[in-house]
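K.L.:
Got a predicted structure plus its sequence, pasted below:
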Amino acid sequence: KKPESEVRECIAASARRDVFLMIVDSPEECVIGGQTEAVEEISLRLGCKPFFLNGVPTVHCALMHPVVDSYQELHRLPTTPPPGMRFYNGHRHHAYIPDTESAATSITENAQFGFSFPQLIGAAYRDGVRHFIEIGPSNSCARMIRSERVSGSRQAATGTPAGSGSAAGTTAGESRGGDA
């Protein structure tokens, strides 16, 4: 666990160009990725023990740039948002109305640049969202949402039990009643 600023400084100070800050989970928790050797080196410099994920494709970083047009095209699908639901662009941290192009752009930006979970949840909170539902295993996002450090205030957050077989993903949105 290290703050974003310290992780960015460590990566910038290294000669490595094969390690990336991919996601800011909380003010003191970040996800880095890249070549195993590079991740190990940066983790050692930060005094952290790396936790490696198997089978995860390389997204949330500059390695996506060469395939960005194809990736965006892959995600251009007919899109009709349900009424009363608010959607957020993870990279830009703001609400948007999804259509074929804006949804593909949001997904592609997320893949290219990663995101800051505290900024995303903070934007939703400032927009009045007070209830967040995590769809997927482990309750990792629900744990972060419940942290006062992510949104500035304790939130109701519900996660799906690990192994429940539910779809993966996290929803930060607002229904007609102000819940997500």
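P.N.:
Thanks, I have the structure now. Numbering: from 1, shown residues only.
K.L.:
Residue 72 - how many residues pack around it?
P.N.:
Counted with other CB atoms under 10 Å, the burial measure for residue 72 works out to 17 neighbours. Quick note: C-beta positions are derived from backbone N, CA and C, even for glycine.
K.L.:
try the one 10 residues further on
P.N.:
Residue 82 is flanked by 10 other residues according to other CB under 10 Å.
K.L.:
what's the pLDDT at the most centrally placed residue in the chain?
P.N.:
With distances taken as CA atoms, centre = their mean, residue 115 lies nearest the centre of the chain, 4.8 Å away. Model confidence at residue 115, given as pLDDT, is 89.
K.L.:
I figured it was touching residue 60, is that so?
P.N.:
Yes: with contact taken as CB atoms under 8 Å, residue 115 and residue 60 are classed as touching, separated by 7.4 Å.
K.L.:
what sits in contact with each of those two?
P.N.:
Shared between the contact lists of residue 115 and residue 60 (criterion: CB atoms under 8 Å, 6 or more residues apart in numbering) are residues residue 23.
K.L.:
ok, and what's touching the longest helix along the chain?
P.N.:
For the chain, the longest helix by residue count, based on DSSP state H, is helix 100-113. Residues outside helix 100-113 that contact it (CB under 8 Å, 6+ apart): 59-62, 64-65, 68, 71-73, 75-79, 87, 89-92, 96, 98.
K.L.:
Which positions in that helix come out as buried?
P.N.:
Judged by neighbour count (16 or more other CB atoms under 10 Å), helix 100-113 contains these buried residues: 103, 104, 105, 106, 107, 108, 109, 110, 111, 112, 113.
K.L.:
tell me the secondary structure for residue 23?
P.N.:
The assignment at residue 23 comes out as strand when based on DSSP: H, G, I helix; E, B strand; the rest coil.
K.L.:
May I ask which helix or strand encompasses the nearest residue to it once chain neighbours are set aside?
P.N.:
Spatially, and ignoring its direct neighbours in sequence, residue 23 is nearest to residue 31 (4.1 Å; CB to CB, 6 or more residues apart in numbering). Element membership of residue 31, judged by DSSP states H and E, is strand 29-34.
K.L.:
give me the number of residues near residue 117?
P.N.:
Here the count is done by other CB under 10 Å, and residue 117 has 26 residues near it.
K.L.:
Repeat that for the one 3 residues further on.
P.N.:
Residue 120 is flanked by 23 other residues according to other CB under 10 Å.
K.L.:
Would you check that it makes contact with residue 94?
P.N.:
No: checked against CB under 8 Å, the pair residue 120 and residue 94 is beyond contact range at 9.1 Å.
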